[in-house]
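**Student:** What shape does this take:
(3 chains)
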Amino acid sequence: MGEGPGHDALGAIFFLTDYGQEDELAGVVRAVLSRLAPGAPVVDLTHEIPAFDVRAGALALERAAPHLGPGVVLGVVDPGVGTTRRAVALELSDGPGPRALVGPDNGLLMRAADALSPVRGAVALAPVPGEGHVTFDGRDVFAPAAAALWRGEPIRSLGEPVSPEDLVRLPAPQLRHVAGGIEAEVLWIDRFGNVQLAAGAGAGRDAGFETGAALTVGAAGADHPARFVRAFGDLESDGQPADLGVLVDANGRLAVVCARRSAATVLGVRPGDLVRVERPAS
Amino acid sequence: MGEGPGHDALGAIFFLTDYGQEDELAGVVRAVLSRLAPGAPVVDLTHEIPAFDVRAGALALERAAPHLGPGVVLGVVDPGVGTTRRAVALELSDGPGPRALVGPDNGLLMRAADALSPVRGAVALAPVPGEGHVTFDGRDVFAPAAAALWRGEPIRSLGEPVSPEDLVRLPAPQLRHVAGGIEAEVLWIDRFGNVQLAAGAGAGRDAGFETGAALTVGAAGADHPARFVRAFGDLESDGQPADLGVLVDANGRLAVVCARRSAATVLGVRPGDLVRVERPAS
Amino acid sequence: MGEGPGHDALGAIFFLTDYGQEDELAGVVRAVLSRLAPGAPVVDLTHEIPAFDVRAGALALERAAPHLGPGVVLGVVDPGVGTTRRAVALELSDGPGPRALVGPDNGLLMRAADALSPVRGAVALAPVPGEGHVTFDGRDVFAPAAAALWRGEPIRSLGEPVSPEDLVRLPAPQLRHVAGGIEAEVLWIDRFGNVQLAAGAGAGRDAGFETGAALTVGAAGADHPARFVRAFGDLESDGQPADLGVLVDANGRLAVVCARRSAATVLGVRPGDLVRVERPAS
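**Tutor:** Next up, the predicted model:
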């Protein structure tokens, strides 16, 4: 098979798992993609999703989604491997991003799909035929399906149709409006300790947060003074006590940050915890 | 050099080392491959083989081997760098997988080669000429050889012939049959703590292991009850005590597993330890 | 856009950051490169530069530089993100390596540039227009610039010219000659604990270090016996006490090493510390 003009038009295969890097698992899947979709650029998004943490994987895919070009998303975070959970491929309506997503039907893919384009078709991937032993679904089921979709094979050739409404979705993260502020779930703590909340820039505007204004951040039973800022550079790194900021982060979400320190450590929070951000009573 | 129709046909360069990711070592080798074999897809298998652990690297390459397409394997786990150990390139007989392997002659490559195709030729790679200092053999010797083989240069242009019989091989892992079962060496503990044994599905059949049957797993001086299962989903994750299973894993080998827990921790074993699996005395 | 003969000629995008691997940050940048420079091979040098450690990143890029082919370097270690530090692209004079580098103007790029070719032009990259929130400069500023340069767009289209003399440079690492030896800063400790010094092979020759000769290595207030060797294999791994060597390493620099042990641990040093290497008083 030659590399014709079509290669670039087919886009990439965007690959995210919880396989880690210490074993060859992600590498073997890359090898299968290279064999079944020769010429396909494989873009590793990350393989360090915490093991079995479907929610963390779904949120990472959602954050990445607006930045993906044409191609196919291959996501595997799959605590239900070997059970009756379905393996699925989703085809999206036309858009500038990926045209299909492949992975387990456990909610991993749907937040990204929703951020991209409506799902116009879905199939349950046929299992590997008649084996009496454990399969490595990333290698044996998902990668072959992603490779086939990258090559342009119709999704209907991969399995039986599934209604998009029947696809598993994760519960929506918590966000509620309180007097002068919001209370929201921690979605993500990045490696720098920035605490991303389940609240967009609009929620901050609705709550009346203004650049430079004082805020109170409540978490883990304690209140912390903070300021609403536009950028990390607006924070003093030598503030006493820890100079916390709330800003609209690079994903368009409210985040609690601390200049060159871990806001997550200062607040004592983890993903899933609730954080309250409010204007001080005047 | 243009990307002609031949590129896909040349396959990929499959790259495995113990370099880790914290330094730029693997990256510099990728850069050399990119410079000397422009257009070659580099498939990283893993770079997290424990430092100097030739056996672990050889087993990872062997597990990956059946899933590799055309191309060249570049493996570097090389405690003997700077000594008189040979650097080698191996050419394989025709098969669907890689046509050549490059790396140190310390046993790293031979298990994978044996899993692929007979070695039909080997050469000792010529050292970097006349340098009075340390060489970075991955960058200076192995990558240029792998790039040359990927481009289609004949193996004989890379060094002096070596008899395939003289290539270094690791000792075979221990496996012996005992009454009603097997005793086998631990080959690999994956990131989930699954304990892969040096015993294939056939050894289990020969020992009379049947799906659903009770087994005893002996390790580190203790016996643990277990069951022979087909998949992880057949185990209870809330079993008391730890619900151990023995199954045929995704590499076709017997493995001791534990639902969502580390079987290695339950058993207290590491790679190289012996594990006994047997049917309880009836 | 088709994959014409030009692709290989355009070279690769060499990518180094302190993003780590646990999040999707590096992956999202790879996705942006894949979208804006379809067909560009992305060569990951490393993403494990310690967070905000510009000096470590600059040294890693410098070590990699001589081994890079044509293309564009994208480096992001950026403690000043969100401040007034400039984002820059540098164009190099003709040479066999990369033709441009993109990253923050904080010294990260200049040691590599100096190792490659004279900078013949530089621009300050235009910021992302009119956003009232944090930008992810790797994704939003640096990757689009690197993609544009890879595609062949003129550097002047990316921002306002900057005088190469005005680009930020890190202080030169310390090296001074002492009686019968040198005193030099530790540049880098690799994963094996080898201690690379800010001194080239020439400094060793000037100091009269000869192969096999006894040396004294002074660090952290203690003196250690050592020998000047050509390779790791010249050291006894069972020496008593720890058998230290000094050699010219694979980057052409003097390094203190210890057979299969961490010389950094033996010496008790970290990057930036001073180490003295001298011939014993005769």
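
**Student:** Help me confirm that A:Val72 comes into contact with A:Ala146.
**Tutor:** Yes - with contact defined as CB atoms under 8 Å, A:Val72 reaches A:Ala146; the gap is 5.0 Å. Where you see a C-beta, it was placed from the backbone N, CA and C, and this is true even at glycine.

**Student:** which of those two has more neighbours?
**Tutor:** A:Ala146 (33 against 28; other CB atoms under 10 Å in any protein chain shown).

**Student:** Other residues contacting the helix or strand hosting that one?
**Tutor:** Secondary structure assigned from DSSP states H and E places A:Ala146 in helix A:143-151. Where contact means CB atoms under 8 Å, 6 or more residues apart in numbering or on different chains, the residues beyond helix A:143-151 that reach it are A:10-11, A:13, A:29, A:32-33, A:36-37, A:40, A:71-74, A:87, A:89, A:99-100, A:102, A:125, A:155, A:157-158.

**Student:** Now whatever helix or strand comes next after that helix: average pLDDT?
**Tutor:** Remark: after helix A:143-151, the chain's next helix or strand is strand A:159-162, criterion DSSP H and E. Mean pLDDT, strand A:159-162: 97.

**Student:** Pull out the buried members of the contacts of helix A:143-151.
**Tutor:** Among the contacts of helix A:143-151, those classed as buried by 16 or more other CB atoms under 10 Å in any protein chain shown are A:10-11, A:13, A:29, A:32-33, A:36-37, A:40, A:71-74, A:87, A:89, A:99-100, A:102, A:125, A:155, A:158.

**Student:** taking the residues you listed one by one, which sit in strands?
**Tutor:** Per DSSP state E, strands hold the following members of these: A:13, A:71-74, A:87, A:89, A:100, A:102, A:125.

**Student:** Which of the residues you listed lies at the shortest distance from B:Glu236?
**Tutor:** A:Ala87 (23.2 Å; CB to CB).

**Student:** Run through the bridge partners of the residue nearest to that closest one when sequence neighbours are not counted.
**Tutor:** Take A:Ala87 and drop its neighbours on the chain: the residue closest to it by CB to CB, 6 or more residues apart in numbering or on different chains is A:Leu125, 4.1 Å away. Beta-bridge pairing for A:Leu125 (DSSP bridges): A:Gly159.

**Student:** so what are the domain limits for chain A?
**Tutor:** Domain ranges of chain A: A:7-166, A:175-278, per automatic domain parsing.

**Student:** For the ones you listed, give me CSV that also has distance to B:Leu45.
**Tutor:** Formatted as CSV, those follow (distance: least, CB to CB, whole Å):
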stretch, distance to B:Leu45
domain A:7-166, 3
domain A:175-278, 25
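
**Student:** Now the top strand by length along chain A: average pLDDT?
**Tutor:** Criterion DSSP E: the longest strand present in chain A is strand A:181-189. Taken as a whole, strand A:181-189 carries a mean pLDDT of 97.

**Student:** Who are the packing partners of it?
**Tutor:** With contacts taken as 3 or more CB pairs under 8 Å, 6 or more residues apart in numbering or on different chains; DSSP states H and E, strand A:181-189 sits against helix A:54-64, strand A:175-178, strand A:195-200, helix A:201-206, strand A:253-258, strand A:274-278.

**Student:** can I get these in TSV with mean pLDDT?
**Tutor:** Output for these, formatted as TSV (pLDDT from 0 to 100):
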stretch	mean pLDDT
helix A:54-64	98
strand A:175-178	96
strand A:195-200	98
helix A:201-206	95
strand A:253-258	96
strand A:274-278	98
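
**Student:** Redo these as JSON lines? Include mean neighbour count.
**Tutor:** JSON lines is the format used below for those (neighbours: other CB atoms under 10 Å in any protein chain shown):
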{"stretch": "helix A:54-64", "mean neighbour count": "25"}
{"stretch": "strand A:175-178", "mean neighbour count": "14"}
{"stretch": "strand A:195-200", "mean neighbour count": "25"}
{"stretch": "helix A:201-206", "mean neighbour count": "16"}
{"stretch": "strand A:253-258", "mean neighbour count": "26"}
{"stretch": "strand A:274-278", "mean neighbour count": "21"}
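
**Student:** of all the ones you listed, which lies closest to A:Ala220?
**Tutor:** Nearest to A:Ala220, of all the helices and strands packed on strand A:181-189, is strand A:274-278, at 8.8 Å by CB to CB.

**Student:** quick one: strands adjacent to that closest one?
**Tutor:** Sheet pairing for strand A:274-278, using DSSP bridges, gives strand A:181-189 (antiparallel), strand A:214-219 (antiparallel).

**Student:** Help me confirm that A:Ala40 comes into contact with A:Phe14.
**Tutor:** No - judged on CB under 8 Å, A:Ala40 makes no contact with A:Phe14 at a distance of 10.7 Å.

**Student:** Can you tell me which residues in the stretch 51-200 of chain A are near chain B?
**Tutor:** Residues of the stretch 51-200 of chain A lying close to chain B (CB under 8 Å from any CB of the partner chain) are A:51-52, A:79-84, A:132-136, A:139-140.

**Student:** at 10 Å instead, please
**Tutor:** Residues of the stretch 51-200 of chain A lying near chain B by CB under 10 Å from any CB of the partner chain: A:51-52, A:79-85, A:131-140, A:143.

**Student:** Please, a ChimeraX command that selects the buried ones among these?
**Tutor:** When burial is assessed using 16+ other CB under 10 Å, the buried subset of these is captured in ChimeraX by this command:
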select /A:79,80,81,82,85,133,134,135,136,137,138,139,140,143
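
**Student:** residues contacting the closest residue to chain C within the stretch 51-200 of chain A?
**Tutor:** Taking CB to the nearest CB, chain C has its nearest neighbour within the stretch 51-200 of chain A at A:Gly69, 3.1 Å off. By CB atoms under 10 Å, 6 or more residues apart in numbering or on different chains, the contact set of A:Gly69 is A:8, A:11-12, A:14, A:43, A:96-98, C:31-36, C:38.

**Student:** and which of those is nearest to B:Ala250?
**Tutor:** Sorting these by how near they are to B:Ala250, with CB to CB, puts A:Phe14 at the top with 23.4 Å.

**Student:** For that closest one, grab the count of nearby residues.
**Tutor:** Around A:Phe14 there are 32 residues (other CB under 10 Å).

**Student:** picking up where we left off before, find residues that contact each of A:Ala40 and A:Phe14.
**Tutor:** Residues touching both A:Ala40 and A:Phe14 by CB under 10 Å, 6+ apart: A:71-72, A:146.

**Student:** Kindly indicate which of those lies nearest A:Ala231.
**Tutor:** Comparing these against A:Ala231 with CB to CB places A:Gly71 closest, at 32.2 Å.

**Student:** which residues does the residue nearest to the closest one when sequence neighbours are not counted contact?
**Tutor:** Take A:Gly71 and drop its neighbours on the chain: the residue closest to it by CB to CB, 6+ apart is A:Gly11, 3.0 Å away. Applying CB under 10 Å, 6+ apart to A:Gly11 gives the contacts A:40-41, A:43, A:68-72, A:97-99, A:150, C:34-35, C:38.

**Student:** Before I go, just wanted to say thanks for your time.
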